[in-house]
Structures are given as C-alpha cells and as structure tokens.
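Colleague: Provided below for reference: sequence and predicted model.
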Amino acid sequence: MLSKTERTSALQWLGKQLFNREDPAAFFDPLLERINPMWVQQYTPARVERIEDETADTKTFVLKPAKRWDGFKAGQHVNICVDVDGIRRNRTFSLSSAPAQWHDNGTVTLTIKRLPGGLVTNWMHDNLKPGATIGLGEAFGEFLIPEAGEPLLYIAGGSGITPVLSQLETLAAANYEAPVTLLYFVRTQADIIAAQKLYELRQNWDALTLNIIATNESETPRFLKDGDLDEVNGIETRRCYLCGPKGLMDLATDLLTQRGITEDRMHSTFFATPKAALDTDALGGEVRFSNSDISVSSEGDAPLLDIAEAAKLSPRYGCRMGICHQCSCKKTSGTVVNRLTGKSSGPGEENIQLCVSVPHGPVTVEL
Ligand code: FES
C-alpha cells in the first residue's frame, strides 16, 4: 500500500510524463495493447479476419478496422504499422477492396506481393495470422475515379492492379456505362492477381474490356506497344489511370503523350520508388538535426530519412516513396534535391519530405 506522499509523487510523475508528451496515447498504448489490442489509440487497430492466396507470391489480407476508422475512396492508400522483431515498421499499400464492402460488413482488403528483401511484406506473408491486429492509418491519395461518366483506360502491371480492382468493382456496382478498358501486364498467366474477380467483372459488366498480357511467356519479353493502344476504341477521349512498375509507367506515359493525351488526363501511382537521374557526386553535405542537436555529414543521394535513421533518430515515416507525407518536416536552411523529380528546393525555410529529399550542401532540419 502506498503512503499518501508516495501516491502524490506517483501522480505528479504521471502528470509530468503526460504533460511532456505530444501524444499521450503513445504513453498508454502499450498497456491498452496488452488488455485489448482494439483499444489502442495511437492508430486504428484492424483485426486480420482472413488471409487468401492470390498467386504463389501474393496474398490478400482481409482486415476489420475498429469502428472509429473513417473509411476510404476507391483507389486510395493507407499506412499500416506492424511490429517486426520488436521494432514498429510502417508501410503504405493501396486498398484492393471497394468501399461498398466496408459499408456492408466493415472489412477492407490489402493485396500484397512478397518483395525480394522486403522486410514488412515478407514478414506479413510469413507471420501474420487470422486474429492478429495491425495498425491502420486513415486513407489518403488522389488516384480517384472521375465524377463524370468519361470513357476510361487503365494500364496496370503486377501488383499495381490493387487500386484498380477497388475502382473497377466500384464502377461495376454503379453500372458505369461509358467504355472502360483494362490492359493488365503480368509476367505469366500464373501471376494474374484476383483472376476470378476480373473474369467475373468482364462477364457481368458490359462496359469492361479486359486484356491481360503476359510479358514473359515467349522468348522475347512482350511489353506494352502502340498496337495495344490502337485496339482501345476512342483512345484520345479516354481518361487514363496508370499503376505499376516505373518502366511500364514511363512507357505508357510516352505512348499516351504521343497520342495527344495531356497530363491532366493521366493519373498515376507508383509501386516502387521512381528515381530521377541525379548527379550523385554533387550531392550530400553537412546535415544538422536542430531539435536533437546532432550534426552528421552525408554523401551521394542518401535521403534525409536514411541519414536521420543512421544517426539513431526515429523520424515518423510511412511509404518511404514520397506519397504519404508522414515524413514531412521543416527545413530551416539549405537546399535539398527531390530524388523523384530531380528538382532543387529553395535555400530557406519550407516543409520537405525526408524520404525523398537529398541534401545539396549544408542543410538544417527541425528534427
Ligand atoms: S514516408 Fe511517405 S512521403 Fe515520406
């Protein structure tokens, strides 16, 4: 039994701990997590209901988020967090289910492919089991269905099909009448993700034209070519959605641009970090993390997020691809180069994304 003095000092200590924290939830969550993982406050807990095999290296995780989760629009991403060997890891994935499914039964799906060397994707494939809980962020992203009933063209590659699945199911349920074409590139027929769902959509929805193209089933790889676009009726009037590896996206963008389709009619989302060609010898510099009073030097095209982690700091991050803005941080001085676009920032104060910002000379950030 604590004495009155001990109780008072314990309460003072607790008050001080909470007062000193930007996020009191971070303080209580470890305790709540032990009592009931669905009570955790720092992120929305989502229980794994089921796991379904899609292909040899791709699974669909059916999740039930706690009721406070705000929902999503077809084509959006979410950040998730999982504990891998005691370290909390964040990643960004597109939701592959339609919002209607969440409204109907409260579940959403993530369809995730194993990646060579992928820490989180591989851990999820090997360790996540029904009944486990993961953290889910609120949905975000501008890869969205147009409001008007325009003719559409989707070009997807591999696991880039996931946001497209969400959109196609949503359009089919609304009986979207304008023509919709999907060109879906997979390595082999065995790599088609959600094959059954795609074939059912084609069968039950007259507006959809489905063309699945295997790239690696003949001696020479079969990539997107102009002839594939010739077969899309009225292609010049289509609004285009691109999602897949950078090579496919670049090629599709070039071919569509040659046909006069303007940037504002092309929507894209990446599944690997695209990189601009940077002059790495000219990059790097002294980095000062002013809140932590740490200075380190950097070389080449290492982004500030990697530099901060190497300096034993733990900045918040999500996708590590310049999509989610979780890593946004204030730069107070110096110039950084965006490794996605190759563009330089101004020299003064501005918000930057740590995961795609490479120092170009001395830089100070508030971290
Ligand atoms: S971590 Fe997502 S934008 Fe940087």
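Modeller: Alright, I've got the coordinates. Numbers count the residues shown, from 1 in each chain.
Colleague: switch to C-alpha atoms for all contacts and neighbour counts from now on
Modeller: Will do.
Colleague: Just give the nearest non-adjacent residue to Asn216, would you?
Modeller: Sequence neighbours aside, Arg187 is the residue nearest to Asn216 in space, at 5.0 Å (criterion: C-alpha to C-alpha, 6 or more residues apart in numbering).
Colleague: per-residue confidence for the one you found?
Modeller: According to the per-residue confidence, Arg187 scores 95 in pLDDT.
Colleague: Correct me if wrong: it contacts Ser218.
Modeller: No. Under the criterion of C-alpha atoms under 8 Å, Arg187 lies out of contact with Ser218, with a separation of 10.3 Å.
Colleague: Mind checking which of those two has more residues around it?
Modeller: Neighbours per residue (other C-alpha atoms under 10 Å) separate Arg187 from Ser218, with Arg187 holding more: 16 against 9.
Colleague: Give me the three-state assignment for the most centrally placed residue in the chain.
Modeller: Geometric centre of the chain, nearest residue: Thr92, 3.1 Å, by C-alpha atoms, centre = their mean. The local conformation at Thr92, judged by DSSP: H, G, I helix; E, B strand; the rest coil, is strand.
Colleague: What residues sit buried inside stretch 230-240?
Modeller: Val232, Ile235, Glu236, Arg238, Arg239, Cys240 (16 or more other C-alpha atoms under 10 Å).
Colleague: Check stretch 94-110 too.
Modeller: For stretch 94-110, a neighbour-count test (16+ other C-alpha under 10 Å) marks 94-100, 102, 106-110 as buried.
Colleague: and what of stretch 75-85?
Modeller: Along stretch 75-85, these residues count as buried under the neighbour rule (16+ other C-alpha under 10 Å): Gly75, Gln76, His77, Val78, Asn79, Ile80, Cys81, Val82.
Colleague: which non-adjacent residue is nearest the third one?
Modeller: This means His77. Ser94 (4.0 Å).
Colleague: Check the gap between the one you found and Ile51 for me.
Modeller: Noted for Ser94: a distance of 16 Å to Ile51, by C-alpha to C-alpha, to the nearest Å.
Colleague: just to revisit the earlier point, list the residues that contact the residue nearest to Asn216.
Modeller: In this structure, Arg187 makes contact with Gly158, Ala214, Thr215, Asn216, Glu217, judged by C-alpha atoms under 8 Å, 6 or more residues apart in numbering.
Colleague: Please apply the same query to Pro65.
Modeller: Residues touching Pro65, when contacts are defined by C-alpha under 8 Å, 6+ apart, comprise Thr44, Pro45, Ala46, Arg47, Gly106, Thr107, Val108, Leu136.
Colleague: May I have the beta-bridge partners of it?
Modeller: With DSSP bridges applied, Pro65 shows beta-bridge pairing to Ala46.
Colleague: Get me the contact residues on the stretch 201-350 of the chain for the ligand.
Modeller: If contacts are counted using C-alpha under 6 Å from any ligand atom, the residues of the stretch 201-350 of the chain sitting beside the ligand are Tyr317, Gly318, Cys319, Arg320, Met321, Gly322, Ile323, Cys324, His325, Gln326, Cys327.
Colleague: can I assume the second one is in contact with Gln353?
Modeller: No. No contact is recorded between Gly318 and Gln353 when judged using C-alpha under 8 Å, the distance being 10.9 Å.
Colleague: This protein: helices as residue ranges?
Modeller: Secondary structure of the chain by DSSP state H: the helices cover 4-19, 24-35, 99-105, 119-127, 161-173, 195-204, 226-230, 246-258, 304-310.
Colleague: Of these, which shows the lowest average pLDDT?
Modeller: Of all those, the minimum mean pLDDT falls on helix 4-19 (a mean of 56).
Colleague: Overlap of the contact sets of Gly318 and Gln353?
Modeller: Between them, Gly318 and Gln353 have His325, Gln326, Cys327 as joint contacts when contacts are counted by C-alpha under 8 Å, 6+ apart.
Colleague: Next one: the residue in the stretch 1-150 of the chain that the ligand sits nearest to from Gln167, what distance?
Modeller: Sorted by distance to the ligand under C-alpha to the nearest ligand atom, the residues of the stretch 1-150 of the chain start with Thr92, at 7.6 Å. Counting by C-alpha to C-alpha, the separation of Thr92 from Gln167 is 18 Å.
Colleague: Also Gly234?
Modeller: 21 Å.
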